[in-house]
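S.K.: what follows is a predicted protein model with its sequence.
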Amino acid sequence: MRRRGIAWLVALLLTCAALPIAAQGEGTTIRLLEIYGNDMLFQQGKPVRLAGTAPGGAALRAALLEGETQLMQTDGTADAQGRFELTLPAQPASFTEYSIVLSSGGQTVVVLERVVFGELWLAGGQSNMDWQYSITPEGYAARRAGTLPDQPYVRMLHTPTFPEYQGDENKLPLLPQEDIHGARWLRGDTKDAYDFSAVAWYFACELQQALGVPVGVIGASLGGSSIYTWLAREEIEAHVKADVEALWRYLPAEGWETHSDPNHFQDMTVNYNKRIYPLRYFSPAGVIWYQGETELIGYLNRGVPWDGGNAYKRALTLLQESWGALFGEPKIPLVCANLAGFAYDAKRRPEQPGLFNAMLGELDAANENLATVAIYDVPLNWDASGEIDPSLGNPGAIHPYQKRPIGEKMALAGLGLRYGADYATPVLQKAEAKDGAVLLTFAQAGQGLSAKGGVPLRGFTIAGADGYYHEASAEIVAPNQLRVWNTDITQPISAAYAIGHYGCNANLIGVFADGSTLAAAPFVAAQVPGAVYPRDLDWRSCDFAQTWQKIAEPLFAPAFSTTGRGAQVGFLAEGGTAGGYVRLERAKGGSLYFGLTPEGAQGDYSREKSVSFFIRNPGDASVKLTGLRFYTSDMTWYSPAARTEIPANSGWQRVTLDLEQLYLYGKAFAPLLPGDGVLLENTTRLELRFEAAVGKDCVVEVDEFSFAPRQAEDRFAYDVGQIFLGLLHPLRTIWALFMTLV
């Protein structure tokens, strides 16, 4: 009992000694800024800067201790404004925990306990960076089981979402602030870690394992925030004022305090003033950045032309340069995550996420201090099954709950960018049209390019002079080169990769010496005026049982469904013409007609001259292909001529249908020549239609849909020879004319 009492008394005395005290003869306390605290981490190899407030002229001393041994000290004096900064010499990284003691007049003012030195990074962005470790599959399971993380040397500075200003978290300062009220340091072996950014957590854990030193992360992100909220006013005024006026809302300094609807998410400079400028005493080794959804929505909602994302390029470059200057690291490394696939504007601009990510890839190729990580190969799904917590609801595909792969990818990119490792995202370096194909040369290909999951390569499209991109084949011809082609486009102008809603199954990767891989950055090889990009093409290969869709809610839907009584569809992973294939079965009691409907097949088919697919009938009953329907509304569909017998027990055969002559409702009256932008420009769904005798089981297997593009622009016209026959059915002809012209 006596020993326990003495230990308690010593602990009490140490606690009291660590409290801020009044300076001798003054009523003002001496304090360190709130950005400092127990369990904090300083960047190795950089001077240790300690800042705070004290009465003007107060003498101060800072000392670094290991246990009870003082290693070094430095003295200073508070200035007339009551501010001070003391600097201790730089320290090497280690797992040794130190104390830093601030004193004045021989009295201890503050003691920072369990301080370590290692690698410090800043994590910024919006909601996908903000997303907590506890809302990931691993974090949720561990927290629910009552276990604690086991990373005592991962240290995290938590900054409040809305730091107080003048005693009110809702007030927005015009000027940069000195401190972040409510900031606190967290350890990676406490429950507090669950409330920190998941991406930053996984990044830090991976970096620590690779480097063998403590790693710290400063969290400064806000869901839904514009990039312009993270930039200083003087930088905006000097470099991107016109962009802010066009894309967001420019707010002059005059009248700042009285402008209506103050907003942390939109008002330029506010997050910089509250959460970035106060961090200037730290020396982060780099920045990880996961942001851009708000800007992309801003482009679409405001009707501002995309223009290659040049405004965002300027803003992100400015952020990197200005933050680097603030932290004394002019060329500060910046690692950016691609945006998750999401239907921002599915009807008008399905390619927007891909174009944004391609823009980041262009920055990566041009800026040696910036790296990007592609994440289209990360599972997109939210917690549809309630694996995490059903009470959270469904925040949608814009928030994939798999954050571990993203953090680990960013760590690999950071190791390459900052620490000399070989890791880097393959980025397009050069594109050359040659011999009817496009030859692509990549930088940062590691030990060589490869196809994840084996061949064939997926996600590539190619365009001729008309700017319409069509599905393309690709092959690796050298460790850092690809050849991309479409046999029906003899004079290609450009190629693109992973440009679409989601690009889930794009599979070009760079492989590194230790077997690690990073997905290649999306790209558009050349800007073609009026370019039209296809929607995601995954259904065409028939290689996937599910496809990512945005229907009532974002989800993985079956890649194919059926029409007709008694029909059912299945997916077979192997044995088709190239990978998997789809099986359509109809039971004896089913209807005469039955069909196969691919999900996600909506889009613009007006530039396709034909469609081909493989089909076979392994059953004992003959089946007849009666049509491929292109629905342009719930009540209207067009079909090419198609009456093909598929004999029983037949092998794979290729069927090609002519899309340059279509029939309303599939009837051979008033055939239409669809010309540019006519008829199939807004297809809502497809249906492959069959007929078989009732009373017999039947099976049809389908594989590898492909579309051949038209080379010349055809203008819409009726087939004059068929108009007379069409007049025999005037109502149908009138309806065809009406639907065509409207």
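M.R.: Perfect, I can see it now.
S.K.: now the strands for the stretch 601-742 of the chain?
M.R.: Assigned by DSSP state E, counting those that start in this stretch, the stretch 601-742 of the chain shows strands spanning 608-617, 623-631, 637-640, 644-646, 650-658, 662-664, 672-673, 685-691, 698-709, 717-718.
S.K.: tabulate the ones you listed (CSV), appending distance to Gly219.
M.R.: For every residue, glycine as well, the C-beta is placed using N, CA and C. Formatted as CSV, the strands of the stretch 601-742 of the chain follow (distance: least, Cβ to Cβ, whole Å):
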stretch, distance to Gly219
strand 608-617, 49
strand 623-631, 48
strand 637-640, 53
strand 644-646, 60
strand 650-658, 55
strand 662-664, 56
strand 672-673, 59
strand 685-691, 44
strand 698-709, 46
strand 717-718, 62
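S.K.: looking at the ones you listed, spot the one closest to Cys504.
M.R.: strand 698-709 (17.6 Å; Cβ to Cβ).
S.K.: Provide the strand pairings for the closest one, with the direction of each partner.
M.R.: strand 581-586 (antiparallel), strand 608-617 (antiparallel) (DSSP bridges).
S.K.: hey, which of those is tucked in deepest?
M.R.: Burial of the strands paired with strand 698-709 is given as mean neighbour count (mean count of other Cβ atoms under 10 Å); strand 581-586 ranks first at a mean of 23.
S.K.: and the contacts of that one?
M.R.: 542, 559-560, 562, 564, 566-572, 575, 594, 596, 614, 690, 692, 697-703 (Cβ atoms under 8 Å, 6 or more residues apart in numbering).
S.K.: so which of the strands paired with strand 698-709 is nearest Trp382?
M.R.: With respect to Trp382, and counting by Cβ to Cβ, the nearest of these is strand 581-586 at 26.8 Å.
S.K.: what does the helix or strand just after that closest one contact?
M.R.: Later in the chain than strand 581-586, the nearest helix or strand by DSSP states H and E is strand 593-598. Counting by Cβ under 8 Å, 6+ apart, the neighbours of strand 593-598 from elsewhere in the structure are 539-540, 559-567, 569, 582, 584, 586, 626, 629, 685-692, 700, 702, 705.
S.K.: sorry, back to before: so how do I select the buried members of the contacts of strand 581-586 in PyMOL?
M.R.: Command for PyMOL that selects the buried part of the contacts of strand 581-586, burial taken from 16 or more other Cβ atoms under 10 Å:
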select buried, resi 542+559+560+562+564+566+567+569+571+594+596+614+690+692+698+699+700+701+702+703
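S.K.: which strand in this structure runs the most residues?
M.R.: If you go by DSSP state E, the chain has its longest strand at strand 107-125.
S.K.: how far off centre is that strand?
M.R.: With Cα atoms, centre = their mean, to the nearest Å as the basis, the distance from the averaged C-alpha position of strand 107-125 to the chain average is 31 Å.
S.K.: for the helix or strand following that strand, packing partners?
M.R.: Past strand 107-125, further along toward the C-terminus, the next helix or strand under DSSP H and E is helix 127-130. Packed against helix 127-130 by the contact rule (3 or more Cβ pairs under 8 Å, 6 or more residues apart in numbering; DSSP states H and E) you find helix 198-211, strand 215-221, strand 286-290.
S.K.: again, 10 Å this time
M.R.: Helix 127-130 makes packing contacts with strand 107-125, helix 198-211, strand 215-221, strand 286-290, helix 293-302, helix 404-419 when contacts are defined by 3 or more Cβ pairs under 10 Å, 6 or more residues apart in numbering; DSSP states H and E.
S.K.: so where's the protein shaky on pLDDT?
M.R.: Within the chain, the segments meeting pLDDT under 70 span 1-28, 346-348, 383-385, 549-554, 667-677, 711-742.
S.K.: which residue ranges form the helices in the stretch 1-150 of the chain?
M.R.: Read by DSSP state H, counting those that start in this stretch, the stretch 1-150 of the chain holds these helices, from start to end of the chain: 2-18, 127-130, 137-145.
S.K.: can you list contacts of the second one?
M.R.: The set of residues external to helix 127-130 that reach it, using Cβ atoms under 10 Å, 6 or more residues apart in numbering, is 123-124, 161, 196-200, 219-225, 288-294, 337, 339-340, 375, 395, 398-400, 403, 406-407.
S.K.: report the buried members of those residues.
M.R.: When burial is judged by neighbour count using 16+ other Cβ under 10 Å, the buried members of those are 123-124, 161, 196-200, 219-223, 225, 288-294, 337, 339-340, 375, 395, 398-400, 403, 406-407.
S.K.: doesn't Ala431 belong to a helix?
M.R.: No. When DSSP: H, G, I helix; E, B strand; the rest coil is applied, Ala431 is found to be strand, with no helix at that position.
S.K.: so what's it up against?
M.R.: 438-441, 482, 484, 492-495, 523-526.
S.K.: repeat that with 8 Å
M.R.: By Cβ under 8 Å, 6+ apart, the residues touching Ala431 are Val438, Leu439, Leu440, Thr441, Ser494, Ala495, Ala525, Ala526.
S.K.: ok, Ala474 next?
M.R.: Applying Cβ under 8 Å, 6+ apart, the residues contacting Ala474 are Pro456, Leu457, Phe460, Leu482, Arg483, Val484, Trp485, Leu508.
S.K.: run the last query once more with 10 Å
M.R.: Neighbouring residues of Ala474 by Cβ under 10 Å, 6+ apart: 437-438, 440, 451, 455-462, 482-485, 495, 497, 508.
S.K.: please apply the same query to Val213.
M.R.: For Val213, the set of contacting residues under the criterion of Cβ under 10 Å, 6+ apart consists of Leu41, Gln44, Pro92, Ala93, Ser94, Phe95, Val116, Phe117, Gly118, Glu119, Tyr153, Leu207.
S.K.: from those residues, which single one is nearest Asp261?
M.R.: The nearest member of these to Asp261, counting by Cβ to Cβ, is Leu41 at 38.3 Å.
S.K.: wait, what's in contact with the closest one?
M.R.: 93, 114-120, 153-157, 185, 204, 213-218, 282.
S.K.: again, only this time at 8 Å
M.R.: With contacts taken as Cβ under 8 Å, 6+ apart, Leu41 has the following neighbours: Val115, Val116, Phe117, Gly118, Leu120, Arg155, Trp185, Pro214, Val215, Gly216.
S.K.: the fifth one: neighbour count?
M.R.: Which is Leu120. For Leu120, the count of nearby residues is 25 (other Cβ atoms under 10 Å).
S.K.: repeat that for the fourth one.
M.R.: Counted with other Cβ under 10 Å, the burial measure for Gly118 works out to 26 neighbours.
S.K.: that one pairs with what?
M.R.: When assigned by DSSP bridges, Gly118 has beta-bridge partners Gln43.
S.K.: hmm, Gln91 and it touching each other?
M.R.: No. The pair Gly118 and Gln91 fails to qualify as a contact (Cβ atoms under 8 Å) at a distance of 9.8 Å.
S.K.: now do the shared contacts for these two.
M.R.: When contacts are counted by Cβ under 8 Å, 6+ apart, the set common to Gly118 and Gln91 consists of Gln44.
S.K.: contacts only, for Leu33.
M.R.: By Cβ under 8 Å, 6+ apart, the contact set of Leu33 is Ala51, Gly52, Thr53, Glu178, Asp179, Ile180, Pro278, Tyr281.
S.K.: which residue is the nearest non-sequential neighbour of Tyr502?
M.R.: Nearest-residue entry for Tyr502: Gly341, 3.2 Å, with adjacent residues in sequence omitted and distances by Cβ to Cβ, 6 or more residues apart in numbering.
S.K.: so that neighbour versus Phe544, what's the distance?
M.R.: Noted for Gly341: a distance of 15 Å to Phe544, by Cβ to Cβ, to the nearest Å.
S.K.: tell me which of those two has more neighbours.
M.R.: Comparing Gly341 with Phe544 by other Cβ under 10 Å, the one with more neighbours is Gly341, at 26 against 20.
S.K.: residues in contact with Ala204?
M.R.: Taking Cβ under 8 Å, 6+ apart, one finds Trp121, Gln151, Val154, Met156, Gly188, Val215, Gly216, Val217 in contact with Ala204.
S.K.: try Lys46
M.R.: Taking Cβ under 8 Å, 6+ apart as the definition, contacts of Lys46 comprise Ala90, Ser283.
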